[in-house]
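# Model the following, please.
(one chain, ligands or ions: 1)
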Amino acid sequence: MASTLPAPALQASRAALNAALADQPPINNEVDDFEEGEIPEVDMEEQAEGIRTVFSDPKNFNVKHPLYSPWTLWFDSPATKGRNLPQTPVSAFPQTPVPQTPSVAAAQGWMEDIKRVISFDSVEEFWGLYNNIVPPSQLPQKANYYLFKEGIIPAWEDEANKHGGKWSIQLPRDKNRGNVDKMWLYTMLAAIGETFDPTPDDMEGSLAQSLITGVIVSIRPQFYRISIWTRLAPSPTEEDKLRERIEAVGRYFKAGVLGYQESARLAGPLATEVEFLSHRDSEKKGKAAKKIIV
Ligand code: MGP
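As a prediction, this is how the structure comes out:
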């Protein structure tokens, strides 16, 4: 069946699959019959015949394709506010007692209404989840989906986010009702397929891991907003490797995922450019913030 995904989204999805396949243990591998050190001959044809993926047999598939990382979906909406659902997000904080610093208290306050939906670590579980949740175009106003790497909560205060920032775009709701679901799907695929920021081999320390911590879609009365959260934010003045990487994420988001021309100017009534803001600047609200625009 021909894919209807655009090339970059398909690339993201394939990247996830390829990584998965590389880790996949062979089926029917009768290693017990072999001497130590002997390399068993693998009947590729027989193996291929035994594989039923979610794409060829959505009900009886027998292979799962692990993602590079496990992810957790979180959700809030006016309906979740004040409701104590069983999986409250505060449980995502470390199990040991957490000192009540102002930032922990602020994060707990912020996370009170955000509910953890589910974690998943395979391509199949992702599609199972995707096919069973309400798309952004059908969500009520003020709702948000947050898809974050497992162990990272969607709050500025999380260790993984506190030095970071976000790329975001705001799109008028009435003109984008028909696009937002695809845009969100491709954003999620790029996140779980790790195509936003392929980790370079030549970096060390905090730059050796992917910069992406999560992605968010927000439904507001007059607009949608899609955001990509990053682990680090570049200094507004320095042209360094980090800034290069952050800008590459923004360009890929704009052109590869959302499908705009790199040179397109998008700002208008209720619409913004694809712009980057550090969380520190977001917290300051309104004070002269230094945005990067692609
Ligand atoms: P928002 O929902 O990200 O922005 O943050 P929006 O959509 O412009 O505003 P809304 O009122 O229409 O929802 C809204 C407010 O929530 C912020 O101004 C902060 O006060 C608070 N807030 C947002 N985030 C992402 C955080 C966070 O990570 N931690 C804490 N403590 N507060 C947050």
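# Run a quick neighbour tally on the residue in the stretch 1-150 of the chain that the ligand sits nearest to.
Taking C-beta to the nearest ligand atom, the ligand has its nearest neighbour within the stretch 1-150 of the chain at Trp110, 3.4 Å off. Placement of C-beta: from N, CA and C, glycine included. Other residues within reach of Trp110, judged by other C-beta atoms under 10 Å, total 16.
# Could you do the one 3 residues further on as well?
Here the count is done by other C-beta under 10 Å, and Asp113 has 19 residues near it.
# just to revisit the earlier point, pretty sure the residue of the stretch 1-150 of the chain closest to the ligand is touching Ile153, no?
No: in this structure, Trp110 is not within contact of Ile153 by C-beta atoms under 8 Å, at 9.1 Å.
# who touches both of those two?
By C-beta atoms under 8 Å, 6 or more residues apart in numbering, Trp110 and Ile153 have no common neighbours.
# Show me which residues of the stretch 1-150 of the chain are close to the ligand?
Ala106, Ala107, Trp110 (C-beta under 6 Å from any ligand atom).
# make it 8 Å
Contact residues (C-beta under 8 Å from any ligand atom) of the stretch 1-150 of the chain with the ligand: Ser103, Ala106, Ala107, Gly109, Trp110, Met111, Lys142, Asn144.
# May I have the residues that are in contact with the third one?
It refers to Ala107. Phe93, Ile153, Ala155, Trp156, Glu157, Asp158.
# nearest spatial neighbour of the residue nearest the centre of the chain, skipping sequence neighbours?
The centre of the chain sits closest to Ala191, judged by C-alpha atoms, centre = their mean, with a distance of 3.7 Å. Distance criterion C-beta to C-beta, 6 or more residues apart in numbering; nearest residue to Ala191, sequence neighbours excluded, is Val215 at 4.8 Å.
# for whichever helix or strand the one you found is part of, which positions count as buried?
Assigned by DSSP states H and E, Val215 belongs to strand 212-219. Residues of strand 212-219 classed as buried: Ile212, Thr213, Gly214, Val215, Ile216, Val217, Ser218, Ile219 (neighbour count, 16 or more other C-beta atoms under 10 Å).
# helices or strands next to that strand in the packing?
Applying 3 or more C-beta pairs under 8 Å, 6 or more residues apart in numbering; DSSP states H and E, one finds that strand 212-219 makes contact with strand 144-149, helix 180-192, strand 223-230.
# Arrange these in a markdown table, one row each, with mean pLDDT as further columns.
Shown next, in a markdown table, are these (pLDDT from 0 to 100):
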| stretch | mean pLDDT |
| --- | --- |
| strand 144-149 | 98 |
| helix 180-192 | 97 |
| strand 223-230 | 98 |
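# closest to Ser206 out of these?
Ser206 lies closest to strand 223-230 among the helices and strands packed on strand 212-219, at 11.3 Å (C-beta to C-beta).
# partners of the closest one, with directions?
Sheet pairing of strand 223-230 (DSSP bridges) gives strand 165-172 (antiparallel), strand 212-219 (antiparallel).
# Let me have those in JSON lines, adding distance to the ligand and mean pLDDT as columns.
Listed next are those as JSON lines, based on distance: least, C-beta to the nearest ligand atom, whole Å; pLDDT from 0 to 100:
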{"stretch": "strand 165-172", "distance to the ligand": "9", "mean pLDDT": "98"}
{"stretch": "strand 212-219", "distance to the ligand": "5", "mean pLDDT": "98"}
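# between the helices and strands packed on strand 212-219, which one is nearest to Asn60?
helix 180-192 (23.7 Å).
# Report whether that closest one contacts the ligand.
No: counting by C-beta under 8 Å from any ligand atom, the ligand has no neighbours in helix 180-192; the shortest distance is 14.9 Å.
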